[in-house]
Each structure stands twice: as structure tokens, then as C-alpha cells.
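Colleague: Whatever this is, show me its structure:
(one chain, ligands or ions: 2)
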Amino acid sequence: MTARVIDGKATAAALRERIAGEVVRFRDAHGRAPGLAVVLVGDDPASTVYVRSKGKATLEAGMESFEHKLPADTGEKELLELVDRLNDDPAVDGILIQLPLPRHIDADKVLTRIDPDKDVDGFHPLNAGRLAVGLDGFVACTPLGCLKLLRAERGDLSGLNAVVIGRSNIVGKPMAQLLLAESCTVTIAHSRTHDLPAVVRGADIVVAAVGRPEMVKGDWLKPDATVIDVGINRIEAEEDGKGRLVGDVDFASASVVAGAISPVPGGVGPMTIACLIRNTLVSAARRHGFSLPEDL
Ligand SMILES: NC(=O)C1=CN([C@@H]2O[C@H](COP(=O)(O)OP(=O)(O)OC[C@H]3O[C@@H](n4cnc5c(N)ncnc54)[C@H](OP(=O)(O)O)[C@@H]3O)[C@@H](O)[C@H]2O)C=CC1
Ligand SMILES: Nc1nc(=O)c2c([nH]1)NC[C@@H]1CN(c3ccc(C(=O)N[C@@H](CCC(=O)O)C(=O)O)cc3)C=[N+]21
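Modeller: Numbering: from 1, shown residues only. Ligands and ions are numbered 1, 2, ... in the order given. Below is the predicted model of the structure:
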């Protein structure tokens, strides 16, 4: 049996198209486009690539993109002052501070300085709390994108056993909260979990957000499970001299057992970016009392 491959790229493209249509309506009503400010400190090559693709997606959706590229030695005070200016800028609906930040900057302090109602990354503790208690806020883009893929694949998720591997604040924890809100029975696994393969074997849904290349093997899976691979791991050059990107799931063995599986690349990554522009539109709409389709 071969798993269905969950096409995140196509799902993301369809979502971005719907967003672009709503952006046209928003502009007609309010005379301006929603705006996203992205702040990059330093010149980490992976971060530079991500920031570029976020800017491109923003413009393609008909939104305004404000990129702030700061040198690696930017002081914390200077960055906090920029956040304050963006918080006060009426053209800015969403603020994203690209992570990781250089070590001399306290990331928690900076993220907590963002106006929670412009926090389209959903990283502010107030938005984490809103998610935990079921209030409207912003949900982190990667777990939100994973949920959209799961809903498209499985429909109603209630009663399903879900195992989330990883407990970070930006992926694992919010993913578990979202699945709980869908009435899944949720297990959160992490580096101290005993017998991880046995835990995973009980899962109808597996979300792997670990950062370990191809760790989850096919023989860990329950037949027909739906597998969402969040991992983005760059593997060093092989004999052809080119590096390649792999997930946290061993695609070759997993795709023989799973019912459906998201690939890397082309799975969760494109959904993350689509959800970022979705959250930016939602932010603009909330600020202006503009109504959007429920299921966007
Ligand atoms: N596609 C996308 O849009 C995005 C992809 N990513 C990718 O997702 C992955 C996870 O990211 P992130 O959550 O930020 O990573 P973190 O490093 O913050 O968290 C990793 C989690 O995995 C757990 N873990 C580590 N080793 C094991 C193990 N051997 N067995 C079980 N659990 C383990 C850790 O456990 P413990 O807490 O005990 O240390 C931790 O909770 C990375 O590959 C990252 O690149 C991240 C963000 C967006
Ligand atoms: N404040 C903040 N918010 C983030 O959301 C955030 C961040 N910082 N720091 C880094 C991680 C990582 N991340 C990705 C986004 C898109 C792809 C993506 O589009 N990946 C493509 C492949 C891209 C490639 O080839 O490198 C894919 O999976 O198909 C991957 C990873 C967002 N992150």
C-alpha cells in the first residue's frame, strides 16, 4: 500500500488565491492594503531565504511588505524601539521578528513587546494563552497550517488519537492545543518520552516537529495513519555535491505504511507562509471590523 501524498504546495496556493481575492475586497472598502512588517537581524542564510519568500508571498497576495534588515550587532534597545514604532504604525497590521535572533538579544523580551493584536506569528504569551482557553487571537502559522492540511485530509478529527512529537512553544505546544480543540485525544512526546515507537504506534494522526532528520520510521506507524512532517533538515552534500532537504519522518519507509503523508519540501513549509499572510489579512480585518469567510 502506498500513502497519499498531502500536497501542501497546492493547498497553500489555493489558500493564497482566496486571500488575494479578499485583499481586493478589503482595499476597495478601506483604501489601503493590509501590511506585514518582517524584521531580520543578521544575515543567517536560511533566515534570509525565508524572509525573501515571505515578502514575495505578501506582495503576490496584493498586500504591503515592509522589510527591516538590521545588522547582526544591532542592540536589544534598538530592536525594541523598532518594535514600538511598528506597533504604532497604522499601515502595519502584522509584525514578524524572524527567529532565531542573535544571542545577545533576549528573544522573549522582544516577542513580548509586539502588540498582541499585530502578532501574526502567534508567539506572544497572550496569544498562546488565548489559544489555550479558546479565545480568538493569533495561532502560530506552522501548527495552523498543519491543522488545515489535517482537516482537508481527514475532515472531522474528533475522537482520533493524535501524537505530537516535540513540545516547542512555536510548533509542538500550539499544535497539541489545536488538536485538543478539535476533540482529538492528544499525546505530546519529547526527548524524555519512553519507547517513542510504541507511543506513535497508537496514533491515527502523527505530527513530527523534532528537528532530527528522518527519525520517525515506517514500522513506528499504525497502518493508515495520517502523518504531518514539520521537520526542515538540511542534509550535507552527498556524492552529487548538492545538499538536500529532509523532514523528521523517513518518507521512504513511512509512505508504505501511512494512509497519507506530507512531504518535505512541499508540505508544511508552504502552508506556514500561506497562514502568515492569512493572519495578516485577519489582523487588518479585525482592526477595521471587516468580515471574512469563517473558514479562511
Ligand atoms: N515547516 C515549517 O514551517 C517549520 C519547520 N520547523 C522545523 O520543525 C522542527 C522542529 O522545530 P522546533 O519545534 O522549533 O524545534 P525545537 O528544537 O524547539 O524542539 C524540538 C522538540 O523535539 C523534541 N525532541 C528532540 N529530540 C527528540 C527525540 N530524539 N525524540 C523525541 N523528541 C525529541 C525536543 O524535546 P525536549 O523538549 O525534551 O528537548 C523538543 O521538544 C525543526 O526541524 C524545524 O526546522 C520549525 C518551524 C517552522
Ligand atoms: N518569527 C518566525 N516565524 C516563523 O514562522 C519562522 C521563523 N521565525 N524562523 C524559522 C522558521 C522556519 N519557517 C519556515 C517557513 C517556510 C518554509 C518553507 O517554505 N519551506 C519549503 C522549502 C524551502 C527551501 O527549499 O528551503 C518547503 O518546505 O517546501 C520552511 C520553514 C518559518 N519559521
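Colleague: Buried residues of stretch 272-287, list them for me.
Modeller: For stretch 272-287, burial by neighbour count (16 or more other CB atoms under 10 Å) applies to 272-285. C-betas here are computed from N, CA, C, even on glycine.
Colleague: what is the mean pLDDT for that stretch?
Modeller: What stretch 272-287 shows for mean pLDDT is 98.
Colleague: Dump the buried residues of stretch 272-287 into a markdown table; add secondary structure and distance to ligand 1 as well.
Modeller: Shown next, in a markdown table, are those (DSSP: H, G, I helix; E, B strand; the rest coil; distance: CB to the nearest ligand atom, whole Å):
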| residue | secondary structure | distance to ligand 1 |
| --- | --- | --- |
| 272 | helix | 3 |
| 273 | helix | 8 |
| 274 | helix | 11 |
| 275 | helix | 9 |
| 276 | helix | 9 |
| 277 | helix | 14 |
| 278 | helix | 14 |
| 279 | helix | 14 |
| 280 | helix | 16 |
| 281 | helix | 19 |
| 282 | helix | 18 |
| 283 | helix | 19 |
| 284 | helix | 23 |
| 285 | helix | 24 |
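Colleague: which one of the residues you listed sits closest to ligand 2?
Modeller: Lowest distance from ligand 2 to the buried residues of stretch 272-287 (CB to the nearest ligand atom) belongs to residue 272, with 4.3 Å.
Colleague: From the chain's centroid, how far away is the helix or strand hosting residue 163?
Modeller: Element membership for residue 163, per DSSP states H and E: strand 161-165. Remark: strand 161-165 is offset 17 Å from the chain centroid, using CA atoms, centre = their mean, to the nearest Å.
Colleague: Please see if that strand touches ligand 1.
Modeller: Yes. Contact of strand 161-165 with ligand 1 (CB under 6 Å from any ligand atom) involves residue 165.
Colleague: picking that back up, out of the buried residues of stretch 272-287, which one sits closest to residue 115?
Modeller: residue 283 (9.7 Å; CB to CB).
Colleague: In this structure that closest one contacts residue 117, no?
Modeller: Yes. The pair residue 283 / residue 117 is scored as a contact, 6.8 Å apart, by CB atoms under 8 Å.
Colleague: Tell me the buried residues in stretch 38-46?
Modeller: Applying 16+ other CB under 10 Å to stretch 38-46 flags 38, 39, 40, 41, 42, 44 as buried.
Colleague: Among the residues you listed, which ones are in strands?
Modeller: 38, 39, 40, 41 (DSSP state E).
Colleague: If the second one is in a bridge, with which residues?
Modeller: Spelled out, that is residue 39. In this entry, residue 39 is beta-bridged to residue 68, residue 97, by DSSP bridges.
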